[in-house]
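Asker: 3D model of this:
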Amino acid sequence: PDSQSKVMGSRFRQLWELVTLYSLYVLFLLMLVYLVNQMDRFVLGIAAQQTAESLRYGEQSCLRTTLGQGGVKCWKIATRQNCTSSVHNSSCKWDYNGQGIEYQLLAGPTFVVVFSFAVIVMGFVAEVGRINRPKVLAIFVILWSVMTLLMGFARTYWQLALLRMGLGLFQSVCAPFGASIISDYFEKDVRGFAMAVFNWGVYVGFSLAFAFKYLALTDGWRWVFRVAGMPGIIVAIIIFFTVEDKNKKYHRHRPLKSRVAELCYVLRLFISPSLMLLCIAGGIRNGAGLAFAYNVDSFFTQYRHVNSGQYMCWVPLVGGTAGSVIGGILSDRVAKSHGHRGRLVVLVISQLVATPLAFGVLWISNPLGAFLCLLAAYVVGEMWIGVCLAVVVELRRKMATSAIAVYIFIINMVGGNMIVLVCTLSSQPGWNLQYALVVLFPGMYFLSAILFLLTLCVVQWNASRKREGKYQSDSGDFGESQDDETERPRVCCLELSTDINSADEQESLISDHGTN
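Answerer: Numbering: from 1, shown residues only. The predicted structure is shown next:
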């Protein structure tokens, strides 16, 4: 035990030597950016019912006039006449419930389609343009914060939809820029942990969004958006003046042709079976989380008659951050001995374990028991985000921004648009929101685990064929050789002029500005 503790202590010191105080400061600020990103994105779901009642869009149903356990189960009353009858008049009302295709379009395609295509553009700009990434990121944080603030002044559904599209456009820089900056500030041995800390912002921001539930109940939905838009402006100003672009020279001196070639190479990587399977699995898992996140408040308000904010303001924060960090540390350890296959094993096991816990969230009638299940589901199920990002970043270290942009595009186009299925399924005869979420929450957890397992099988098969000399990969199937960060990217998708083969041009293609 003493020798083992000494080895662990020595290993910890070695890892700590790879990290500087300034890099931790940058990581903290980027985490705050992700925090306000998620907070501004999800406040729509927190104030969904109040917004729908004010702007008059979406479905109408029988709703409880007060929260609390017991009493009339208004959600079981199907018609306006029965809802407003004298028997139920004091407990129930017929009004907009914050659901329906209009709401799901706001939560999903209106935001996701613009966001997903903009991610590709922003990733390309980060690789090609002569830009300072932290300063561009700060400007876009200010712009999306303004979009959020203006939602508090919307007078029609279409004004809200346009502002939501603007939010998607400007938030597109957050993940690719943030993750690529982190990949420059943190070495490979601690990058999984750094990505996990970066992803704390997802859960902290999501939890803080639910804290606005109290503001919505007391001061109205408009103040939710107005207040939520303010913190991002402060964080952006700090980043603009204090964060440096570590690879500034690299971004200013590399030729346009080589950058376009690398982007095309990245696109070719994602056509490979293993990486495409990984992205589809991640997209389905992402869709499960989004379907629950945008409808959890409506579910617990209508079916459990509780203020979800009293639990959701801390459950994702505690469970999600714990799961993200545990997943990052665990995947870093297994990756040392098993490479990407070890990370994939973590993905498969975590999603399989989280599936029954997610089912319990929707089926346990006691709110406390349901949220305890959710806490456990977050701890286990949220390991996937940092692990997937680490795989993509390590796939091609020198093209991290473009790789992350393509990855985010795929998982959002797959998962982000799954939200509209909530309305489709819940409107089927004999179905309701609860049944729809069972399919799209624990059901998609299980499906993602199967696809992660299939990805692992493909990777294992490719590795065995490679050992036998039967497999030559230049398309990005990640296996044993993908951790080699000195491999020169092959040019694809376009013909470059012959001068790109000069020594200087080749060096610009493969340079990593220092040892990894």
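Asker: which ones are touching Val235?
Answerer: 29, 32-33, 36, 141 (Cβ atoms under 8 Å, 6 or more residues apart in numbering). C-betas here are computed from N, CA, C, even on glycine.
Asker: separation between it and Thr455?
Answerer: As judged by Cβ to Cβ, to the nearest Å, Val235 and Thr455 stand 36 Å apart.
Asker: what about stretch 422-442, how long is it end to end?
Answerer: 13 Å (Cα to Cα, to the nearest Å).
Asker: Closest to Lys93 out of the contacts of Val235?
Answerer: Closest approach between the contacts of Val235 and Lys93, by Cβ to Cβ: Val36, at 34.6 Å.
Asker: Drop anything exposed from the contacts of Val235.
Answerer: In those, burial by neighbour count holds for 29, 32-33, 36, 141, counting by 16 or more other Cβ atoms under 10 Å.
Asker: ok, then the element right after the host helix or strand of Met31?
Answerer: For Met31, the enclosing helix or strand under DSSP states H and E is helix 21-46. As assigned by DSSP H and E, the chain's next helix or strand after helix 21-46 is helix 48-55.
Asker: List the contacts of that next one.
Answerer: Helix 48-55 is touched from outside by 44, 58, 63, 95-100, 102-103, 154-157, 160, 216, 220-221, 294, 297-298, 301, with contacts defined as Cβ under 8 Å, 6+ apart.
Asker: Buried subset of these, written for ChimeraX?
Answerer: Filtering the contacts of helix 48-55 down to the buried ones (16+ other Cβ under 10 Å) takes a single ChimeraX command:
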select :44,58,63,95,96,97,98,99,100,102,103,154,157,160,216,221,294,297,298,301
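Asker: Quick one: mark the members of the contacts of helix 48-55 that sit in helices.
Answerer: In this view, the contacts of helix 48-55 that belong to helices under DSSP state H are 44, 102-103, 157, 160, 216, 221, 297-298, 301.
Asker: how about low-confidence regions in the stretch 301-450 of the chain?
Answerer: Low-confidence segments of the stretch 301-450 of the chain (pLDDT under 70): 393-402.
Asker: Output the ones in helices among the contacts of helix 48-55 as TSV; include the columns distance to His338.
Answerer: Below are those laid out as TSV (distance: Cβ to Cβ, whole Å):
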residue	distance to His338
Leu44	41
Glu102	47
Tyr103	43
Tyr157	51
Leu160	48
Ala216	47
Trp221	49
Asp297	40
Ser298	42
Thr301	45
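Asker: wait, which of those is closest to Ser145?
Answerer: Using Cβ to Cβ, Leu44 comes nearest to Ser145 of these, at 14.8 Å.
Asker: hang on, the earlier thing: return the member of the contacts of Val235 nearest to Phe359.
Answerer: The closest of those, once distances to Phe359 are taken by Cβ to Cβ, is Val36, at 32.0 Å.
Asker: Spell out which helix or strand contains the closest residue to that closest one other than its chain neighbours, please.
Answerer: Among residues not flanking Val36 along the chain, Gly232 sits closest, at 3.9 Å (Cβ to Cβ, 6 or more residues apart in numbering). Secondary structure from DSSP H and E places Gly232 in helix 231-242.
Asker: can you pull the buried residues of that helix?
Answerer: Of the residues in helix 231-242, 231-233, 235-236, 239-240 count as buried by neighbour count, 16+ other Cβ under 10 Å.
Asker: So what's the predicted local confidence for the nearest residue to Gly328 once chain neighbours are set aside?
Answerer: Leaving aside its sequence neighbours, Gly328 sits nearest to Ala196 (Cβ to Cβ, 6+ apart; 2.9 Å). Looking at Ala196, its pLDDT is 75.
Asker: Is it correct that Ala196 is in contact with Gly320?
Answerer: No: using Cβ atoms under 8 Å as the test, Ala196 is too far from Gly320 to be in contact (10.6 Å).
Asker: and Lys93, that's in a strand?
Answerer: Yes: counting by DSSP: H, G, I helix; E, B strand; the rest coil, Lys93 is located in a strand.
Asker: which residues does it contact?
Answerer: Lys93 neighbours (Cβ under 8 Å, 6+ apart): 62-63, 65, 74, 83-84.
Asker: separation between it and Thr65?
Answerer: In this view, Lys93 and Thr65 are 5 Å apart by Cβ to Cβ.
Asker: Repeat that for Ala358.
Answerer: Ala358 sits 30 Å away from Thr65, going by Cβ to Cβ.
Asker: And these two? Which one has more around it.
Answerer: Neighbours per residue (other Cβ atoms under 10 Å) separate Ala358 from Thr65, with Ala358 holding more: 28 against 14.
Asker: I'd say the more buried one and Tyr445 touch.
Answerer: Yes: when contacts are counted by Cβ under 8 Å, Ala358 is listed as touching Tyr445 (5.3 Å).
Asker: Could you pull out the residues contacting both of those two?
Answerer: 288, 381.
Asker: Tally up the residues packed near Glu468, please.
Answerer: Glu468 has 8 nearby residues by other Cβ under 10 Å.
Asker: my read is Asn307 is in a strand, agree?
Answerer: No: under three-state DSSP, Asn307 falls outside any strand and is assigned coil.
Asker: dump the residue contacts of it.
Answerer: Asn307 makes contact with 67, 213-214, 217, 300-301, according to Cβ under 8 Å, 6+ apart.
Asker: Which of those sits closest to Ile120?
Answerer: Lys213 (34.3 Å).
Asker: which secondary structure element contains the closest one?
Answerer: Judged by DSSP H and E, Lys213 forms part of helix 200-219.
Asker: now the angle from that helix to helix 231-242?
Answerer: Put simply, helix 200-219 runs at 140 degrees to helix 231-242, going by axes from the mean of the first three to the mean of the last three Cα atoms, to 10 degrees.
Asker: Heading C-terminal from the longest helix belonging to the chain, find the next helix or strand.
Answerer: Ranked by number of residues, the top helix in the chain under DSSP H is helix 321-363. Later in the chain than helix 321-363, the nearest helix or strand by DSSP H and E is helix 367-381.
Asker: who are the neighbours of that following helix, in terms of helices and strands?
Answerer: For helix 367-381, the elements it packs on are helix 309-312, helix 315, helix 321-363, judged by 3 or more Cβ pairs under 8 Å, 6 or more residues apart in numbering; DSSP states H and E.
Asker: what's in contact with the helix or strand following it?
Answerer: Next helix or strand after helix 367-381 toward the C-terminus (DSSP H and E): helix 384-395. Contact with helix 384-395 is made by 179, 183, 188, 191-192, 195-196, 198-199, 202, 269, 275, 278, 282, 285, 324, 327-328, 331-332, 335, 340, 343-344, 346-347, 350-351, 400, 403-404, 407, 448, 476, 478, 482-483, 485, as judged by Cβ under 8 Å, 6+ apart.
Asker: Contacts only, for Ala211.
Answerer: By Cβ under 8 Å, 6+ apart, the residues touching Ala211 are 309, 313.
Asker: Recalculate using a threshold of 10 Å.
Answerer: The contact partners of Ala211, by Cβ atoms under 10 Å, 6 or more residues apart in numbering, come to 39, 43, 46, 228, 309-310, 312-314, 317.
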